[in-house]
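[1] Sequence and predicted structure below; questions after.
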Amino acid sequence: MKLLDYLKRDEILFLCHHNADPDAIGSCVALKYLASQLNPNGKFRISADSVSKISRNILNEIGEKVDIEVYPKLPETVFIVDTASVNQLKVNFNELKEREVILIDHHKKTDLADICEYYIVREDYPSTSEIIAEIFKELNIFPPKNVRIALLCGIVYDTKHLKLANSRTFELISYLIKDISFQKILYLLSQESDFSKRTAHLKACSRMEIREFDKLKIALSHVSSHEASCAKTIVSIGADIAFVVAVRKKEGEIRVSARCRKHVSKYVHLGNLMEKIGKELGGSGGGHSEAGGLNAPYDKSKSKEKVIKEVLDLCYKRFVEEYKKAKNQS
């Protein structure tokens, strides 16, 4: 397996996307363990510019550590894990291109793969943790309990508590769960939302504009943070599709998260749509059929309010174009 050659390197940095979720964390923890088994004298660490609250709980439970940092020092070998686009990372891109980069991910393949020396991208897997668990199984290496807890949390989180699970998912859960209570996994993933997230949800709903097209309820809103969770919440309370933008003036960054119901994704793949809009805004995007996101630079010559309106109008316009086109072809 070619992947093993890279995991045997003397120094590896495992990089997660911003606000690293349990799937990103579980995958990195497992890869770090595998690398340490293949090269006991190697130097390995996990890095992200931020980690979600649920992920912090999991890390505390299993006694693992993630270095929280922006623009980390890059060793010769860098693994990018569970990340759809380079704009989801706070790294020196020119420096990164000079490194030996390996990508393991389950989102739609984007331009990020072009800079990688080797990649495993399996869009048909509901979580990156499943890809990693399968590698352990193929190698006949049974992970220790803390690594299996991390992988199980990643699988259950990204399958939306098994709603997106398939037969392979259950086979891998059966492989990993020995001596682990499934209730414990659910408990680790069911911590009450923190105050800032609940506040963001309420603000997103209060600022929401609803447009209608072809009997679809299209929700547009904006917050300062937690945009992905807000988009998910808006769809859960009734929208067919939601676009939520977060403009971060200090970081000079625009983030957009989109979520939709299954009947919408039959016509528009949100990962493809976010990739297209991301490029149009000078950034990049990607994701899955029902969940996508983009990051783009913020033009500070424009007011925050103007940028929010322009970005949401663009999302609405491109979505309607793609939806019309797909329906006409069906």
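    Arrived safely, thanks for sending. Numbering: from 1, shown residues only.

[2] Report the distance from stretch 167-182 to the chain centre.
    22 Å (C-alpha atoms, centre = their mean, to the nearest Å).

[3] what does stretch 16-36 give?
    Here stretch 16-36 is found 12 Å from its chain centre; the criterion is C-alpha atoms, centre = their mean.

[4] Using PDB, write out every CA atom in it.
    Below are the C-alpha coordinates for stretch 16-36, written out as PDB (Å, rounded to 0.1, in the frame of the first residue of the first chain):
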ATOM      1  CA  CYS A  16      -7.500  19.500   9.900                       C
ATOM      2  CA  HIS A  17      -9.900  22.000   8.500                       C
ATOM      3  CA  HIS A  18     -11.000  25.000  10.700                       C
ATOM      4  CA  ASN A  19     -13.300  24.300  13.500                       C
ATOM      5  CA  ALA A  20     -12.300  20.700  13.200                       C
ATOM      6  CA  ASP A  21     -15.200  18.300  13.700                       C
ATOM      7  CA  PRO A  22     -15.200  14.800  15.200                       C
ATOM      8  CA  ASP A  23     -14.700  13.200  11.700                       C
ATOM      9  CA  ALA A  24     -11.500  15.300  11.100                       C
ATOM     10  CA  ILE A  25     -10.200  14.700  14.600                       C
ATOM     11  CA  GLY A  26     -11.000  11.000  14.700                       C
ATOM     12  CA  SER A  27      -9.300  10.500  11.300                       C
ATOM     13  CA  CYS A  28      -6.200  12.400  12.300                       C
ATOM     14  CA  VAL A  29      -5.900  10.700  15.700                       C
ATOM     15  CA  ALA A  30      -6.100   7.300  13.900                       C
ATOM     16  CA  LEU A  31      -3.600   8.200  11.200                       C
ATOM     17  CA  LYS A  32      -1.200   9.600  13.900                       C
ATOM     18  CA  TYR A  33      -1.400   6.300  15.800                       C
ATOM     19  CA  LEU A  34      -0.800   4.300  12.600                       C
ATOM     20  CA  ALA A  35       2.300   6.400  11.700                       C
ATOM     21  CA  SER A  36       3.600   5.800  15.300                       C
END
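
[5] What mean pLDDT does stretch 168-181 get?
    When pLDDT is averaged along stretch 168-181, the result is 97.

[6] now the helices for the stretch 1-150 of the chain?
    2-7, 22-38, 53-62, 93-97, 128-139, 145-158 (DSSP state H, counting those that start in this stretch).

[7] Which helix runs longest in this structure?
    As assigned by DSSP state H, the longest helix anywhere in the chain is helix 304-329.

[8] what about that one, average pLDDT?
    Averaged across helix 304-329, the pLDDT comes to 96.

[9] May I see the buried residues of it?
    Across helix 304-329, burial judged by 16 or more other C-beta atoms under 10 Å covers 307-309, 311-312, 314-316, 318-320, 322-323. No exception for glycine: its C-beta is placed from N, CA and C like everyone else's.

[10] count of neighbours near D105?
    As a burial measure, D105 scores 27 neighbours (other C-beta atoms under 10 Å).

[11] ugh, typo on my part, it should be G282
    Counted with other C-beta under 10 Å, G282 comes out at 12.

[12] Got the confidence number for it?
    Per-residue confidence (pLDDT) for G282: 94.

[13] for K302, helix, strand, or coil?
    Using DSSP: H, G, I helix; E, B strand; the rest coil, the secondary structure recorded for K302 is coil.

[14] Switch the helices of the stretch 1-150 of the chain over to TSV; also include distance to K300.
    TSV is the format used below for the helices of the stretch 1-150 of the chain (distance: least, C-beta to C-beta, whole Å):
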stretch	distance to K300
helix 2-7	39
helix 22-38	30
helix 53-62	30
helix 93-97	20
helix 128-139	34
helix 145-158	35
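
[15] In this protein, where is pLDDT below threshold?
    For the chain, the stretches with pLDDT under 70 are 192-193.
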